[in-house]
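[1] This is a predicted model, with the sequence first.
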Amino acid sequence: MEGGSDRITRISVTDEIARRIREMIESGAYSVGDKLPTEMELRDQFGVGRSSVREALRILQAYGLVELRPGTGAFVASVSERSEESIRTWFIEKETELDEMMEVRMAVEPLAVRLAIEKASDAELQEIVAIHEKFTKAVENADPLELATLDEAFHTAIISASHNSLLIKINRLLVEAFREYRTKAFGIPENIVDALGPHETIVAGLQEKNRAKGEKGMQEHLRVSLEDIGKVAHF
């Protein structure tokens, strides 16, 4: 398993690449429909690994900035596709699917917190705390891409710290399924603050090795997330 500092560095690299590609688009260097540089070209331009570029493009696709066409490349998407109204429409269309995925998370993630409290190393706990601190700072900027990246990292780090191989495999499926949800959810301002309090409770439970507090924090977090889905879908 990767060490805490390595994981945090990778998260920072992915977030920075996503930011820089977004700046390229928003500066007018690329217009809607234009093809972006290839993964190899972006890798050389930014001096990073190809996997980091690929992950950044997937995040941008989930937020509606980029369209990835298999065998063709990445293209700039329509600005209208990432408006708040389009996000609400997406939630309406995906509500049933999101509810089902949240049911799985409600079963998996409180268990992951409990196991992490029992099994996590000091380095793993430090990693989770460090990601949470970055998330807290990101809330001030209200940047959906950064928040989505850090939220994904936060939950993944907890599940990794459970040292349960089946939970880790399930999480890989959940991460892919929820990537678009996360980027769109943090595009709704009222959803941003809702995540912060439960994250703090979860971290406190991990630090205090208090299983009840950790599990309760995760359950509350997922309950509020489910409520937020309903609010957006039925706005």
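    Yep, it's here.

[2] Any idea how far the lengthiest helix in the chain is from the middle of the chain?
    Ranked by residue count, the top helix of the chain under DSSP state H comes out as helix 84-119. How far helix 84-119 lies from its chain's middle: 12 Å, per C-alpha atoms, centre = their mean, to the nearest Å.

[3] Give me the helices and strands touching it, please.
    For helix 84-119, the packing partners by 3 or more C-beta pairs under 8 Å, 6 or more residues apart in numbering; DSSP states H and E come out as helix 144-160, helix 165-185, helix 189-208, helix 211-233. The C-beta positions use only the backbone N, C-alpha and C, and glycine is treated the same way.

[4] Would you reformat the ones you listed as TSV and include mean pLDDT and mean neighbour count?
    Shown next, in TSV, are those (pLDDT from 0 to 100; neighbours: other C-beta atoms under 10 Å):
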stretch	mean pLDDT	mean neighbour count
helix 144-160	90	24
helix 165-185	86	17
helix 189-208	88	17
helix 211-233	85	18
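
[5] So for Glu100, which of those sits nearest?
    helix 165-185 (9.8 Å; C-beta to C-beta).

[6] hmm, who's touching that closest one?
    Residues outside helix 165-185 that contact it (C-beta atoms under 8 Å, 6 or more residues apart in numbering) are 58-59, 62-64, 87, 90-91, 94, 98, 101, 104-105, 108, 111-112, 115, 144-145, 147-148, 151-152, 155-156, 159-160, 162, 191, 225, 228-229, 232.

[7] quick revisit: now render the helices and strands packed on helix 84-119 as CSV, adding distance to His132.
    Formatted as CSV, these follow (distance: least, C-beta to C-beta, whole Å):
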stretch, distance to His132
helix 144-160, 6
helix 165-185, 16
helix 189-208, 5
helix 211-233, 11
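
[8] so which of those comes closest to Ile128?
    When the helices and strands packed on helix 84-119 are ranked by proximity to Ile128 (C-beta to C-beta), helix 144-160 comes first, at 4.9 Å.

[9] relative to helix 189-208, how tilted is the closest one?
    Interaxial angle, helix 144-160 versus helix 189-208 (axes from the mean of the first three to the mean of the last three C-alpha atoms, to 10 degrees): 30 degrees.

[10] name the helices or strands packed onto helix 144-160?
    By 3+ C-beta pairs under 8 Å, 6+ apart, helix 144-160 packs against helix 4-26, helix 50-62, helix 84-119, helix 122-141, helix 165-185, helix 189-208.

[11] report the angle between the axes of the longest one and helix 144-160?
    The one in question is helix 84-119. 30 degrees.

[12] quick one: Arg223 and Val104, what's the gap?
    14 Å (C-beta to C-beta, to the nearest Å).

[13] and Asp151, what does it touch?
    With C-beta under 8 Å, 6+ apart, Asp151 has these contacts: Phe135, Arg182, Phe186, Ala195.

[14] which of these lies closest to Glu23?
    Phe186 (18.5 Å).

[15] Now Val48: closest residue in space, sequence neighbours ignored.
    Val13 (5.5 Å; C-beta to C-beta, 6 or more residues apart in numbering).

[16] my read: the one you found touches Ser51, true?
    No. Contact criterion C-beta atoms under 8 Å: Val13 and Ser51 do not qualify, at 9.9 Å.

[17] thinking again about what came up before, for the record, mean pLDDT for the longest helix of the chain?
    Helix 84-119 shows an average pLDDT of 86 in the prediction.

[18] ok so, going back, list the contacts of the residue nearest to Val48.
    Taking C-beta under 8 Å, 6+ apart as the test, what Val13 contacts is Val48, Gly49, Ser52.
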